[in-house]
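Novice: 3D, please:
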Amino acid sequence: MRVVSVRGAITVENNTKQEIILNTKTLLENIIKKNDIKITDIISIIFSVTDDLDEAYPAVAAREIGLTYCSLLCLQEMKVKNSLRKCIRVLLLFNSELKQNQVKHIYLKDAVKLRPDLA
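Specialist: Model prediction:
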């Protein structure tokens, strides 16, 4: 088994606790399902959010879906002019038999603009 990483992102319409948590759950559930990840194989998740999202930590969503033993960290995304707003990004590290080039990165809603090469 090796450690591989998967990236993903999703946007929210409003800066509310409910939207941040709900959309983060949607993103994580998609990443886990599309990559056939066992919860116990997740090592850590780093979340970053744009500076216009400050009503909730995305890590709360991870705990609510049962990710209780992996390490979680929330950061503020670097501010870049004209960049995508109201965006939650994820970097998830997990143990897997997959090779890095077999991982399915997940970009939802307006975040698909971040990786047009994957569309």
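Novice: I'd like the next helix or strand past the top helix by length along the chain.
Specialist: With secondary structure taken from DSSP state H, the chain has its longest helix at helix 17-34. In the C-terminal direction, the helix or strand that comes right after helix 17-34 (DSSP states H and E) is strand 42-49.
Novice: And for the longest helix of the chain, what's in contact with it?
Specialist: 6, 8-13, 37, 39, 45, 47, 49, 53, 55-56, 58, 60-62, 64-65, 67, 88, 90, 92, 104, 106, 108-109 (CB atoms under 8 Å, 6 or more residues apart in numbering). For every residue, glycine as well, the C-beta is placed using N, CA and C.
Novice: Now the buried members of those.
Specialist: When neighbours are counted using 16 or more other CB atoms under 10 Å, the contacts of helix 17-34 contain these buried positions: 6, 8-12, 37, 45, 47, 49, 53, 56, 58, 60-62, 67, 88, 90, 92, 106, 108-109.
Novice: So what's the residue count around Tyr69?
Specialist: Applying other CB atoms under 10 Å, we find 9 residues neighbouring Tyr69.
Novice: That one touches Ile43, doesn't it?
Specialist: No: in this structure, Tyr69 sits apart from Ile43 without contact. The criterion is CB atoms under 8 Å, and the distance is 9.7 Å.
Novice: Need the overlap of contacts for these two.
Specialist: Between them, Tyr69 and Ile43 share no neighbouring residue, with contact defined by CB under 8 Å, 6+ apart.
Novice: Remind me what the helix or strand hosting Ala9 packs against, helices and strands.
Specialist: Per DSSP H and E, Ala9 falls inside strand 2-11. Helices and strands in packing contact with strand 2-11 are listed as helix 17-34, strand 87-96, strand 106-107; criterion 3 or more CB pairs under 8 Å, 6 or more residues apart in numbering; DSSP states H and E.
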